[in-house]
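Participant: I need the structure of the sequence given here:
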Amino acid sequence: MPDTATEQRLSPSFVSRPRGTTYLATGESHRLSLVRLPERRHSPWTLRVRGDLLTLAWQGEQLPDTDDVLAALEATFSRTPGTRALGLRVPAPLHAELRRLGVLIPDTHHGHVVLQSLLWQQGTLWLGDGHAPDFPVQHVMQDGRRHPLRAPKPAGVVYRRHIPWLNATFSLRVADIDTDLPRFHRWMNDPVVAHFWEEQGELSHHRQYLERVTHAPGILPLIAAFDDTPFGYIEAYWAREDRIAPYYDTDDFDRGWHVLVGDAAFRGKPWLAAWMPSVSHYLFLADHRTRRLVIEPRSDNDRMLRNLSRCGYALVKTFDFPHKHAVLGMLSREHFFNERLWVPAPPHPGAPFSSPSGPFPTESNE
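Facilitator: Residues are numbered from 1 along each chain as shown. From the prediction side, this is the model:
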């Protein structure tokens, strides 16, 4: 768990957590400083324009490790969200590992660069410990459907991301029946939620619901939170095994999801601009073979349809489920990462650390 008390005391501009290690970032002008917890080891960096490329350069005496570099890159891209590529100057012994990870890639004009679209596919920056490398492929038959055998479900916190414009941390954790049943029951009986989910009822009904999705191999029930305050429920599923499969040309690793925001205090654009792209990000990171995400809200859910469009989903068609008239929304992996859809466009005007605090010096201007 993050050391939130220390984070608040040090007032970081940004928090990065590669492989669960917390880095607190502060910076002004062309300087970036990271503090690694719990040992409070400092990691100094500078940003300068070299040629036509903004370049992040290590300034410490000791050799940084890969986590230091990943945290500095995430903080820099979050500070300059419009930047597609960065130069990177780190000691030569790190180059081979960064190239192996796909962080540092060859570039004709600059030798090597870091692409924001590739960095944001580095699952170690956001995923919890329960996610293993992509599970081997072995097709099975289940209920008359052929699909890949799925990996065991993760447990605990599966995703955590600092949201700069809210100065808050969004997280997803696997739902726990004993812990989450009372709030799930309350949320399902909220009139706004009940209108679209139509699952209102007694506590026993909701216990049976959670037990069913918890034990279903193709469904992952998740609790969404800001700063560890739960506000919503996400139900992620493999499209191949779901009732949506007959309605479009489903790929083996397409992922779908349902959502409810149960706490009214978290309904609104600033929150949605953080949680919806983060859910998409998590589902793409959880398996790198996932090329598309799908969602099928009711066709009369105008607000949800507008929000999906704002967050990059194409509204492909309407169709009739047995229980509702629905719209098929679809988001491709390529579109999400190439267009950097994890941040609002344009960036939220009040975002701390969302843009440089001044012009970066050029290489000749020290």
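Participant: list the buried residues in stretch 25-38.
Facilitator: With burial defined by 16 or more other CB atoms under 10 Å, the residues of stretch 25-38 counted as buried are A25, T26, G27, H30, L32, S33, L34, V35, R36, L37. The way it works is simple: take the backbone N, C-alpha and C, and place the C-beta from them, glycine included.
Participant: quick check: end-to-end length of stretch 275-294?
Facilitator: 16 Å (CA to CA, to the nearest Å).
Participant: which two among the buried residues of stretch 25-38 are spaced furthest apart?
Facilitator: Across the buried residues of stretch 25-38, the longest distance by CB to CB is 24.6 Å; it joins H30 and L37.
Participant: C-terminal to the longest helix anywhere in the chain, what's the next element?
Facilitator: Assignment by DSSP state H gives helix 269-286 as the longest helix of the chain. Using DSSP states H and E, the helix or strand that directly follows helix 269-286 along the chain is strand 292-295.
Participant: what's the first helix or strand after that next one?
Facilitator: Using DSSP H and E, the helix or strand that directly follows strand 292-295 along the chain is helix 302-310.
Participant: what residues sit buried inside the next helix or strand after that next one?
Facilitator: Once helix 302-310 ends, the next helix or strand along the chain (criterion: DSSP H and E) is strand 314-320. Neighbour-count burial for strand 314-320 flags L315, F319 (criterion: 16+ other CB under 10 Å).
Participant: other SSEs contacting strand 314-320?
Facilitator: Here strand 314-320 touches helix 302-310, strand 325-332, going by 3 or more CB pairs under 8 Å, 6 or more residues apart in numbering; DSSP states H and E.
Participant: report the angle between the last one and helix 302-310.
Facilitator: In terms of direction (axes from the mean of the first three to the mean of the last three CA atoms, to 10 degrees), strand 325-332 departs from helix 302-310 by 20 degrees.
Participant: using PDB, write down the CA coordinates of strand 325-332.
Facilitator: Output in PDB follows, covering the C-alpha atoms of strand 325-332 (Å, rounded to 0.1, in the frame of the first residue of the first chain):
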ATOM      1  CA  HIS A 325     -32.000  -2.300 -27.200                       C
ATOM      2  CA  ALA A 326     -28.300  -1.600 -27.000                       C
ATOM      3  CA  VAL A 327     -25.500   0.400 -28.700                       C
ATOM      4  CA  LEU A 328     -22.200  -1.300 -29.500                       C
ATOM      5  CA  GLY A 329     -19.300   0.900 -28.500                       C
ATOM      6  CA  MET A 330     -15.800  -0.100 -29.500                       C
ATOM      7  CA  LEU A 331     -12.300   1.200 -28.800                       C
ATOM      8  CA  SER A 332      -9.200  -0.100 -30.500                       C
END
